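Asker: Got a predicted structure plus its sequence, pasted below:
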Amino acid sequence: MTAETTEVLKGDKPQPQKTPFDFLAEIPGAPSKEIVLAWKAQVPNSRVRLVAPEGGTGRVYIMRAVGALEYDQLLGRIPANANERAVAEEERRQVASTCCLWTNSISGNKLTPEALQAGAAGTAAMLYTVVMELSDFVEPARLELLSIDL
């Protein structure tokens, strides 16, 4: 054992881990724990997730799940004559903006499809992926790992 290890074993108490709510409390204008819990009570399967792409030093998003009927309605906003790529991009923007409960990345703290289109290329796709996971859309390969024939 090194002297450093011995000091740790002699009684240095480990620091308590920060909760996501502790993290949010440090962000100016972020919603309180009570507000987040109220949101959870109103969304499909009570699924809400905090996303901090820069590891907590920049943008923060609070995302929620999307329900099946709502998802169909969002897809209905996409022009019927759009090509396949445009449909996929607009689907990501519609879902990500609708399911973003709060963000510090934009004035007013609410994403719009237009803001996502004007922003970094990967933001809508990243947030869409979070929403889809919260909404029980599972990649086939992952579903294979999570299920078994009886």
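Answerer: Arrived safely. Numbers count the residues shown, from 1 in each chain.

Asker: Stretch 114-124 - what's its average pLDDT?
Answerer: The predicted model gives stretch 114-124 an average pLDDT of 92.

Asker: So for it, what gets flagged as buried?
Answerer: For stretch 114-124, burial by neighbour count (16 or more other Cβ atoms under 10 Å) applies to 115-116, 123-124. C-beta coordinates here come from the backbone N, C-alpha and C atoms, glycine included.

Asker: what's the spacing between that stretch and its chain's center?
Answerer: The gap between the average C-alpha position of stretch 114-124 and the chain average comes to 15 Å, counting by Cα atoms, centre = their mean, to the nearest Å.

Asker: List the residues that contact the most centrally placed residue in the chain.
Answerer: Within the chain, the residue whose C-alpha comes closest to the C-alpha centroid is residue 63; the distance, by Cα atoms, centre = their mean, is 3.9 Å. Contact analysis of residue 63 by Cβ atoms under 8 Å, 6 or more residues apart in numbering lists 48-49, 51, 96, 99-101, 127, 130-131, 134.

Asker: switch the cut-off to 6 Å
Answerer: 49, 51, 99-100, 130-131 (Cβ atoms under 6 Å, 6 or more residues apart in numbering).

Asker: Which one of those residues is nearest to residue 141?
Answerer: For residue 141, the nearest member of the contacts of residue 63 is residue 130. The distance, counting by Cβ to Cβ, is 18.2 Å.
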